[in-house]
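Student: my questions concern the predicted model and sequence given below.
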Number of protein chains: 2
Amino acid sequence: MIMPRYGDEECCDMRGLLGFLILFLLSKKPMHGQEIADELAKRRGDKPSPGTIYPALKSLKYAGFLREEEKVGKTITYSLTPRGMKAFHIAKRRFTRTFLGVLS
Amino acid sequence: MIMPRYGDEECCDMRGLLGFLILFLLSKKPMHGQEIADELAKRRGDKPSPGTIYPALKSLKYAGFLREEEKVGKTITYSLTPRGMKAFHIAKRRFTRTFLGVLS
DNA sequence: TCATGTATATAGGATATCCGATATATATAA
DNA sequence: TTATATATATCGGATATCCTATATACATGA
């Protein structure tokens, strides 16, 4: 018996969507890591730590979904590749169908 | 180096939302396990296995978010408790803000 | 030059989520 | 009664996700 999967008032922590959210943000406009983290902080309520955001970016880059568009100092601006756009659209379609009706 | 977090065309598997989806479905109407699994199959594309759906229901019940409304044979119909509704609305608000703009 | 602030990098691991395999219980039909 | 279909139950573990801690690099201002 391990159990407690859901806490006091919260029903779930909505993991598994970080990559999707990053692709979504980059589909709007190129951004760098901290910009993305700040935007996620506004949306979710908590800011992903460096140890969260950079490995995610690395994996997405490794998958060919995004590329470094510009690098000024340590600041790396990322943008979606065509492959990344395609992946985003596939995921978005699935997302839309899955959560149809949730947003009243 | 372990890496590959994202596969070929897929950007993420959207875990962490099973509990949220179950609360959402039950907020519409009382359902039993298989009904929920079938509805999720239609939405997500793949049907959660018994080993997925029943432990999830158990945890949600344990958290006080749902209760057995009726039991006919082995078929247990679940419905949200007031506490479950509250948890769902909190989660929904967060969900809405997080994914604002994703559904074009 | 030194201090400070900002941005990125990564190893290692804690935790959560989910699935495969298996078992049990009930109803129905042959 | 036997066979079949349906629904639920649970263990154990594979895997994914994310965070803590730590380190590095660059720019700027004192």
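Tutor: Received it, and whenever you're ready, just let me know what you need. Residues are numbered from 1 along each chain as shown, chains lettered A, B, ... in the order given.

Student: A:V72: how many residues sit nearby?
Tutor: 8 (other CB atoms under 10 Å in any protein chain shown). C-beta coordinates here come from the backbone N, C-alpha and C atoms, glycine included.

Student: who's in contact with the closest residue to A:F65 other than its chain neighbours?
Tutor: Leaving out its chain neighbours, the residue that sits closest to A:F65 by CB to CB, 6 or more residues apart in numbering or on different chains is A:G84, at 3.4 Å. By CB atoms under 8 Å, 6 or more residues apart in numbering or on different chains, the contact set of A:G84 is A:23, A:26, A:60, A:64-66, B:11.

Student: is it true that A:G84 lies in a helix?
Tutor: Yes - note on A:G84: a helix contains this position according to DSSP: H, G, I helix; E, B strand; the rest coil.

Student: quick one: pLDDT of it?
Tutor: For A:G84, the model assigns a pLDDT of 92.

Student: then A:K61?
Tutor: pLDDT, A:K61: 93.

Student: now A:G16
Tutor: Per-residue confidence (pLDDT) for A:G16: 79.

Student: all strands of chain A, in order?
Tutor: Counting by DSSP state E, residue ranges of the strands within chain A are A:31-32, A:66-72, A:75-80.

Student: hmm, back to that, how about the contacts of A:G84 in JSON lines, adding distance to B:D38 and neighbour count?
Tutor: As requested, the contacts of A:G84 are exported to JSON lines (distance: CB to CB, whole Å; neighbours: other CB atoms under 10 Å in any protein chain shown):
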{"residue": "A:L23", "distance to B:D38": "30", "neighbour count": "23"}
{"residue": "A:L26", "distance to B:D38": "35", "neighbour count": "24"}
{"residue": "A:L60", "distance to B:D38": "33", "neighbour count": "26"}
{"residue": "A:G64", "distance to B:D38": "35", "neighbour count": "14"}
{"residue": "A:F65", "distance to B:D38": "32", "neighbour count": "26"}
{"residue": "A:L66", "distance to B:D38": "36", "neighbour count": "22"}
{"residue": "B:C11", "distance to B:D38": "26", "neighbour count": "28"}
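
Student: mind listing what A:L66 touches?
Tutor: Neighbours of A:L66 in contact, by CB under 8 Å, 6+ apart: A:23, A:26, A:57, A:60, A:78-81, A:84.

Student: may I have the beta-bridge partners of it?
Tutor: A:L80 (DSSP bridges).

Student: what about it, distance to DNA strand D?
Tutor: Per CB to the nearest atom of the strand, to the nearest Å, A:L66 is found 15 Å from DNA strand D.

Student: what's across from A:E70 in the sheet?
Tutor: Beta-bridge partners for A:E70, by DSSP bridges, are A:T77.

Student: what is the nearest of the contacts of A:L66 to B:I36?
Tutor: A:L23 (28.7 Å; CB to CB).

Student: would you mind measuring from the closest one to DNA strand C?
Tutor: Distance of A:L23 to DNA strand C, given as CB to the nearest atom of the strand: 17 Å.

Student: next one: A:G64
Tutor: A:G64 is 16 Å from DNA strand C, by CB to the nearest atom of the strand.

Student: how much space between that residue and A:L25?
Tutor: To A:L25, A:G64 is 18 Å away according to CB to CB, to the nearest Å.

Student: what of A:L66?
Tutor: 11 Å.
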